[in-house]
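>>> Everything below, folded, please.
(one chain, ligands or ions: 1)
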Amino acid sequence: MPWYGTRCEMDRLTDISVIRDVMERHGSTFSKALGQNFLVNPTVCPRIAEMGNARPGFGIIEIGTGIGVLTRELALRADKVVAVEIDTRLIPILDETLAEFDNISVINADVLKTDLHEVIRREFDGLDAAVCANLPYYITSPVIMYLLESRLPVKSITVMVQKEAGVRICAAPGTRECGAVSAAVRYYAEPEILFNVSRGSFYPPPNVDSCVIRLNIRETPPFKVDEGIFFRMVRGAFSQRRKTLANSLSSVGIGKADTFAALDSLGIDKNIRPEQMTLEDFGQLYRKLYI
Ligand code: SAM
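Numbers count the residues shown, from 1 in each chain. Presented below is the predicted three-dimensional model:
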């Protein structure tokens, strides 16, 4: 009897010998380039699912299924799961490991080239939507920004990321860790770090620790801006971290005199550094410079 013959054995997808066995039988190997570090700590996936809105009334998009360990936990709790996995070699494995579920669709594609709006329209009729994933770390920021900037209609994005990236993404503007991504994330969502996950919770173990973060999507942005222009200004502000805001902005074509005048009228020190600006400060600066 193969290992996957019973429900009980299916629940062993966090067992390293089971992972090795299924990968070997299908002639698959772990791809470092695709960020394939699979979860082997059995407590982590249920926590991601439960804290990530996997529950009745919800459809969940998962990014990067691996051999389906998180997918199963999501499908046990939510009405529907759509899982996007780029690695074609994993698809026959998922046919086995997810065989007992009739509420999972696997899409073999690059998530950054997948029209997730269309997926939600097609698959989640009448359901609320959320994203849950143990993200491949090489594309953490692009994936998060793609989901946010395309205004995917989801309630939350709950993802495992490298610990330092999680701290940066969730950093409040005005703090030392803050960067352009943190400011952008705050504009679209209220972020929080849920819990830390050590490198030993993965196979093969990566050489960094991780954390799970949740971005609770705002129904409306905190203020009204032309987002293209606003985020060009914010990226410009953080483009040269050691410089003052006015110097950084001048390198993206916003004259120093204009920045000084705007800061002065807002009562902000003209030598302020970008990481000292709150999101609201950036909103007000935008209004002074562009409206
Ligand atoms: N969810 C599994 C788990 O927790 O064990 C696997 C997580 S592993 C860190 C990341 C997964 O994302 C891998 O299976 C990898 O093949 C997949 N992946 C990498 N790049 C991707 C992309 N651009 N689009 C979709 N999936 C991708």
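>>> ok, and what's touching stretch 130-139?
Stretch 130-139 is contacted from outside by 33-36, 39, 48-49, 52-54, 58-64, 66, 70, 74, 112, 143, 147, 152, 154-162, 165, 206, 208, using C-beta atoms under 8 Å, 6 or more residues apart in numbering. No exception for glycine: its C-beta is placed from N, CA and C like everyone else's.
>>> And for stretch 226-235?
149, 180, 183-184, 187, 249, 252, 254, 282-283, 285-286, 289-290.
>>> Get me the contact residues on the stretch 101-250 of the chain for the ligand.
Residues of the stretch 101-250 of the chain lying close to the ligand by C-beta under 6 Å from any ligand atom are 110, 111, 112, 134, 136, 139.
>>> pLDDT score assigned to the first one?
Per-residue confidence (pLDDT) for residue 110: 98.
>>> Would you confirm that it contacts residue 86?
Yes - assessed by C-beta atoms under 8 Å, residue 110 is found in contact with residue 86 at 5.0 Å.
>>> Who has more neighbours out of the two?
Counted by other C-beta atoms under 10 Å, residue 110 and residue 86 do not tie: residue 86 has more neighbours, with 21 against 11.
>>> In contact with that one, which residues?
Residue 86 neighbours (C-beta under 8 Å, 6+ apart): 34, 64, 108, 109, 110, 111.
>>> Scan the residues you listed and report the most crowded one.
That'd be residue 64 among those, by other C-beta under 10 Å, with 25 neighbours.
>>> can you count the residues close to the residue nearest to that residue when sequence neighbours are not counted?
Counting by C-beta to C-beta, 6 or more residues apart in numbering, residue 136 is the residue found nearest to residue 64 once chain neighbours are left out, at 5.3 Å. Residue 136 sits with 20 neighbouring residues when counted by other C-beta under 10 Å.
>>> distance of the residue of the chain found nearest the ligand from residue 87?
Going by C-beta to the nearest ligand atom, the ligand is nearest to residue 64 of the chain, at 2.1 Å. In this view, residue 64 and residue 87 are 9 Å apart by C-beta to C-beta, to the nearest Å.
>>> next one: residue 282
39 Å.
>>> between these two, which one's more packed in?
residue 282 (23 against 16).
>>> Can you show me the helices along the stretch 51-200 of the chain?
Taking DSSP state H, counting those that start in this stretch, the helices of the stretch 51-200 of the chain run over residues 69-77, 91-97, 116-123, 140-149, 163-170, 180-188.
>>> Mark out where each domain of the protein begins and ends.
In terms of domains, the chain is parsed into 7-217, 227-290 (source: automatic domain parsing).
>>> most tightly surrounded among these?
Across the domains of the chain, averaging neighbours per residue (mean count of other C-beta atoms under 10 Å) puts domain 7-217 on top, at a mean of 18.
>>> check contacts around residue 98.
By C-beta under 8 Å, 6+ apart, the neighbours of residue 98 are 68, 71, 72, 75, 104, 106.
>>> which intervals of the protein have sub-threshold pLDDT?
Under the criterion pLDDT under 70, the flagged ranges of the chain are 1-11.
>>> OK, contacts around the residue nearest to the spatial centre of it?
Taking C-alpha atoms, centre = their mean, the centroid of the chain lies closest to residue 144, which sits 4.2 Å from it. For residue 144, the contacting residues are 157, 159, 169, 181, 185, 215, by C-beta under 8 Å, 6+ apart.
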